[in-house]
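>>> Got a predicted structure plus its sequence, pasted below:
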Amino acid sequence: MNDHGREAGAPARRRQLRLGALAAALTAALTLLCCTGGTAAFFLTELSGGADDSSAESLSSCGQRHEVNVSGTMPRVAQYGDGQIRNAAVIIKVGSDMKVPPRGWVIAVATAMQESALRNLPHLGSQNDHDSVGLFQQRPSQGWGSPEQLQDPAYASRKFYEKLVKIPDWERMPLTRAAQKVQVSAFPDAYAKHEELASKIVDALAGGAARTVQISQRSICNAAARGQIAASGWTAPIPGGVGSGFRTAQRPSHNGVDIAAPKHTLIRAAATGRVLVARCDPDHSGRKSCDVDGWPNKGGCGWFVDMLHAGGYITRYCHMIVKPRVAPGQLVTAGEVIGEVGTSGNSSGPHLHFEVHRDGDRSSAGAIDPVPFMRDRGAPLNEKA
């Protein structure tokens, strides 16, 4: 299949740079820099596995399973020290013991990252929000428990999960919304920026659990598709297999991958995010002619959408058959339908051209290979299908 072979909106490089700068500005509050290192010293046990789909893996094959040891050596994760990662391990173990799906672990860890930086904080006087204490800054005066109880990381974690699992459809909510319904924070949008690193922490401590999705009450690894959301918060935009790959020798300027699918196949948002662009991309002649089938060398992305996600990531969805179902500025949840597969623009047949960009950069400089990116988040593009 032939794609546009250029950046969407290419008629004016200056305009593209302005849009890239806008995306960068919009992500400033969400972008975080993180790195992981070392080897996880322990993983969670007693997690269910197995699947009828041979392309999926049980949680046990996401990584080795060992006895939980919250007093042992902790892996190094980004800026967090041994004690902070140990607190994250307690949060995860309590969630596992309570049979909360791994998506809840990511939400809980991200919440504690925002509330306390994973530190078990005592009452800090004027620096506290009223009488808040502990990992989740829960308030004794609001019925969470006594100050002594809330300074116990296991107790505080259990109280968080007890409230989380009572929220209808919490597993499909954006992390920020689910966390806010538990915490009722004065800064409800602050949790989202921690989702990326919280997923890395859960993966490091729990054998890749952030890559799992709940199927038939089992935690299945690398199977997030068709609107099912992995614990990391990501899902494959459409089912299918990758044909033309990222920046191949034959197509070095191909900044994404092509996934073949019939016309009108529903395209879903790969993660919760805000729509940056939803429009018809002009062809090489500058004409906007997206309501007809495209052809090779026509130029342009056709009908397409760009979305900004937590961590400064941008996803792009090209060649839709009709105008996208979303509009610029709209907040879209993971798995929500944003359009339909088509062949508008520079295309020789129906498919989705899918791109991932980092650092809020919509240009080719920000493009990264979507295949390993999505696989690491438990939502593989099934490139071998």
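Sure, I can see it.
>>> ok, now how distant is Ile167 from Leu381?
If you measure Ile167 against Leu381 using Cβ to Cβ, to the nearest Å, the figure is 31 Å. Using the backbone N, CA and C atoms, a C-beta is placed for each residue, glycine as well.
>>> Let me fix that, I meant to ask about Pro122.
According to Cβ to Cβ, Pro122 and Leu381 sit 47 Å apart.
>>> who has more neighbours, Ile167 and Leu381?
More crowded of Ile167 and Leu381, by other Cβ atoms under 10 Å: Leu381, with 25 against 13.
>>> my guess is that one contacts Gly245, does it?
No. Counting by Cβ atoms under 8 Å, Leu381 stays clear of Gly245, with 10.1 Å between them.
>>> where does this structure have its least confident helix or strand?
Lowest on mean pLDDT, DSSP states H and E among the helices and strands of the chain sits strand 36-37, with a mean of 28.
>>> returning to what we had before: so what sits against both of Leu381 and Gly245?
Residues touching both Leu381 and Gly245 by Cβ atoms under 8 Å, 6 or more residues apart in numbering: Val257, Val371.
>>> Which segments of the chain make up each domain?
Using automatic domain parsing, the domains assigned to the chain come out as 13-29+237-376, 66-206.
>>> quick one, strands of this protein?
Assigned by DSSP state E, the strands in the chain fall at 36-37, 57-58, 76-77, 212-215, 218-221, 257-260, 266-268, 273-281, 302-309, 314-320, 331-332, 337-340, 351-357, 367-368.
>>> Deepest-packed of those strands, please.
Mean neighbour count, computed with mean count of other Cβ atoms under 10 Å, is highest for strand 314-320 among those, reaching a mean of 27.
>>> That one to strand 351-357, inter-axis angle?
160 degrees (axes from the mean of the first three to the mean of the last three Cα atoms, to 10 degrees).
>>> Restrict strand 314-320 to CA atoms and write it as CSV.
These are the backbone C-alpha positions of strand 314-320, laid out as CSV (Å, rounded to 0.1, in the frame of the first residue of the first chain):
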residue,chain,number,x,y,z
ILE,A,314,0.9,11.8,19.9
THR,A,315,-0.9,9.2,17.8
ARG,A,316,-2.0,9.7,14.2
TYR,A,317,-4.7,7.9,12.2
CYS,A,318,-4.8,8.4,8.4
HIS,A,319,-6.9,7.5,5.4
MET,A,320,-10.4,7.5,7.0
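>>> Going by contacts, tell me the helices and strands next to it.
On a contact count with 3 or more Cβ pairs under 8 Å, 6 or more residues apart in numbering; DSSP states H and E, strand 314-320 meets strand 273-281, strand 302-309, strand 337-340, strand 351-357.
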